[in-house]
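In: Make a model of this:
(one chain, ligands or ions: 1)
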Amino acid sequence: MDNQKHCLITGGSRGIGAATAYRFAKEGYRITFFYRSDSESAQYTLERIRKITSYCQALKVDVRDYDSVQEAVRYAEEEFGPVDVLVSNAGISKIKLFTETTKEDWDSIQDTNIGGLYNLSQAVLHSMIKRHEGSIITISSMWGVTGASCEVAYSTSKAAIIGFTKALALELGPSNIRVNCVAPGVIDTEMNASLDDETRDSLSENTPLCRIGTPEEVADAVYFLASDNASFITGQVLGVNGGYIT
Ligand code: NDP
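Out: Next up is the predicted model:
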């Protein structure tokens, strides 16, 4: 089933991005996903989605690079049509004391997590505004709401994503473009692979639903916000965190 709508997901090779790409493919969307370097995971995800639809392309694009992003979005739109839904998901984190966070650590986190969102939004918006339709879903984190110790750079970037979402939603509402944010809690992906068992157990214990979440549960929330079921929802932050913060 091809609904002829095009969803562009950054960081789609694995984790939450891959689950989101799969979710939209199941709903008949044409899928473009970007990844940075992990070609093996990208190929795996591409093949998995191509079992559902032939309209899936994986592009190796660093979201930090403005010109590459503009060029890749133009290419993706030539292939599959204008982007209807942007899911700006690519992100990195580093767990470090703030006093040990180098300028390089700081810049790479801000350039990826918030700079990437700027680059992608600039690339898709002209066409969305002209067509008077579209939806942008940003991916923050519950740490962007509360702040996390030893993750000052990450928490800063994720809080900025919430500010970006709310401000852009106000600006784009009259153009019939909705902008919403999903703020996941602790989700079982490679981003958390470095956590030891004790930390994982303690994070589960601190979650009222007594477990960490799955990428598919985040993907469901992303899809909901992009769908017509959320047609009067814009500028909102939806927590998907098992009740960890309320
Ligand atoms: P993963 O580390 O599993 O995947 C990250 C994805 O982002 C990969 O596809 C990676 O590509 C891509 N990526 C990273 N940097 C770049 C870049 N510069 N250009 C293009 N792509 C890039 O992360 P998750 O799936 O866990 O996280 C996805 C999002 O969800 C992130 O924004 C994260 O902050 C957020 N989040 C995650 C939580 C969690 O507990 N997992 C909790 C809250 C928020 P490649 O494979 O090539 O490296």
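In: Figure out the length between the terminal residues of stretch 4-15.
Out: One end of stretch 4-15 to the other measures 25 Å (Cα to Cα, to the nearest Å).
In: And the helices in the chain, which stretches?
Out: For the chain, the helices defined by DSSP state H occupy 15-26, 39-50, 66-80, 103-110, 116-131, 142-146, 152-172, 197-205, 215-226.
In: tell me which parts of this protein are close to the ligand?
Out: Contact residues, the chain versus the ligand (Cβ under 6 Å from any ligand atom): 10-11, 13-17, 34-38, 41, 62-64, 89-93, 112, 139, 141, 184, 186-187, 189-192. C-beta coordinates here come from the backbone N, C-alpha and C atoms, glycine included.
In: Filter those down to just the ones in strands.
Out: Of the positions in the residues of the chain next to the ligand, 10, 34, 35, 139, 184 sit in strands, assigned by DSSP state E.
In: And the residue lying farthest from the centre of the chain, how far from residue 152?
Out: Distance to the chain centre peaks in the chain at residue 99, reaching 28.3 Å (criterion: Cα atoms, centre = their mean). Separation of residue 99 from residue 152 (Cβ to Cβ, to the nearest Å): 10 Å.
In: ok so, going back, list only those of the residues of the chain next to the ligand flagged as buried.
Out: Buried members of the residues of the chain next to the ligand, counted by 16 or more other Cβ atoms under 10 Å: 10-11, 13-17, 34-36, 41, 62-64, 89-93, 112, 139, 141, 184, 186-187, 189, 191.
In: helices and strands of this structure: which one has the lowest mean pLDDT?
Out: Least confident helix or strand of the chain, by mean pLDDT, DSSP states H and E, is helix 197-205 with a mean of 94.
In: which residues sit against it?
Out: Outside of helix 197-205, the residues within contact range by Cβ atoms under 8 Å, 6 or more residues apart in numbering are 186, 192, 195, 210, 211, 212.
In: Can you report how many residues neighbour the closest residue to residue 4 other than its chain neighbours?
Out: What sits nearest to residue 4 in space, not counting adjacent residues and going by Cβ to Cβ, 6 or more residues apart in numbering, is residue 81, at 6.7 Å. By other Cβ atoms under 10 Å, the residues close to residue 81 number 14.
In: For residue 81, list the residues it contacts.
Out: 4, 6, 30.
In: of all these, which comes closest to residue 48?
Out: Among those, residue 30 lies closest to residue 48 (Cβ to Cβ), at 15.6 Å.
In: Low-confidence bits of the protein, can you list those?
Out: Scanning the chain for pLDDT under 70 picks out no residues.
In: Mind checking which residue lies nearest the centre of it?
Out: Centroid check for the chain by Cα atoms, centre = their mean gives residue 89 as the closest residue, at 1.7 Å.
In: Wait, it touches residue 9, no?
Out: Yes. When contacts are counted by Cβ atoms under 8 Å, residue 89 is listed as touching residue 9 (5.8 Å).
In: Touching both of the two, which residues are there?
Out: Listed as contacting both residue 89 and residue 9 by Cβ under 8 Å, 6+ apart are 17, 20.
In: Tell me which of the contacts of residue 81 fall in strands.
Out: Applying DSSP E to these, the entries found in strands are 6, 30.
In: Spatially nearest residue to residue 76, not counting backbone neighbours?
Out: residue 32 (4.2 Å).
In: now that neighbour: how far from the ligand?
Out: 13 Å (Cβ to the nearest ligand atom, to the nearest Å).
In: that older thread, which among the helices of the chain is found nearest to residue 57?
Out: Residue 57 lies closest to helix 66-80 among the helices of the chain, at 6.3 Å (Cβ to Cβ).
In: how distant is the closest one from the center of its chain?
Out: 18 Å (Cα atoms, centre = their mean, to the nearest Å).
In: Dump that helix to PDB, restricted to CA.
Out: C-alpha atoms of helix 66-80 as PDB (Å, rounded to 0.1, in the frame of the first residue of the first chain):
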ATOM      1  CA  TYR A  66      24.000  22.200   6.200                       C
ATOM      2  CA  ASP A  67      24.900  21.900   2.500                       C
ATOM      3  CA  SER A  68      24.800  18.100   2.500                       C
ATOM      4  CA  VAL A  69      21.400  18.100   4.200                       C
ATOM      5  CA  GLN A  70      19.900  20.600   1.700                       C
ATOM      6  CA  GLU A  71      21.300  18.500  -1.200                       C
ATOM      7  CA  ALA A  72      20.100  15.200   0.200                       C
ATOM      8  CA  VAL A  73      16.600  16.500   0.900                       C
ATOM      9  CA  ARG A  74      16.400  17.800  -2.700                       C
ATOM     10  CA  TYR A  75      17.500  14.400  -4.000                       C
ATOM     11  CA  ALA A  76      15.000  12.500  -1.700                       C
ATOM     12  CA  GLU A  77      12.200  14.800  -2.900                       C
ATOM     13  CA  GLU A  78      13.000  14.200  -6.500                       C
ATOM     14  CA  GLU A  79      12.800  10.500  -5.900                       C
ATOM     15  CA  PHE A  80       9.800  10.200  -3.600                       C
END
